[in-house]
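Undergrad: quick one, structure for this:
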Amino acid sequence: MEPHSPPPSPSLGSTSPLRAGQGEDFELAQRLTQLPPYARSLLKIQVPVVATLAMTRQPVSRVLELAPGTILHFNRPCDEPLSLQIGSCEVAVGETVKVGEKFGLRISSMVLPKERFESVQPKPAKS
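TA: Reported below is the predicted structural model:
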């Protein structure tokens, strides 16, 4: 599987009319050009992006039996939203869409990071 290169950045000197919804992209591109070079270079780092169809747990004996033609059954309706993970963090949910002869994911909502609470222990009194 070949890695896909990121889409080209919007050209700031372009005189072509903006498409619907592209105004926000243009503003973002302008703000990004104002970042220092080291910060802009961080934006070029490639991270794994995974759309999860379904997950299941199987005993190792069942996994060893997998072969071409094996059908795995999942307890998930086909119209349920898919989750989108960046690295190991779930960041969005969406629905599958057909894009030409391939499929894609239309993001319907973003997922807020989970809050982490840590208990605070008082320092022991000095004697």
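Undergrad: tell me where the longest strand sits in the chain.
TA: Ordering each strand of the chain by length in residues (DSSP state E) puts strand 89-99 first.
Undergrad: which parts of that one are buried?
TA: Across strand 89-99, burial judged by 16 or more other C-beta atoms under 10 Å covers 92-94. Any C-beta I mention is one placed from the backbone N, CA and C, and that applies to glycine too.
Undergrad: and it, what other elements does it pack with?
TA: Contact here means 3 or more C-beta pairs under 8 Å, 6 or more residues apart in numbering; DSSP states H and E; on that basis strand 89-99 packs against strand 82-86, strand 102-110.
Undergrad: so residue 126 belongs to a strand, correct?
TA: No: under DSSP: H, G, I helix; E, B strand; the rest coil, residue 126 sits outside any strand and is assigned coil.
Undergrad: coming back round to it: got JSON lines for the helices and strands packed on strand 89-99, with distance to residue 49, mean pLDDT and mean neighbour count too?
TA: Shown next, in JSON lines, are the helices and strands packed on strand 89-99 (distance: least, C-beta to C-beta, whole Å; pLDDT from 0 to 100; neighbours: other C-beta atoms under 10 Å):
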{"stretch": "strand 82-86", "distance to residue 49": "6", "mean pLDDT": "90", "mean neighbour count": "17"}
{"stretch": "strand 102-110", "distance to residue 49": "9", "mean pLDDT": "92", "mean neighbour count": "12"}
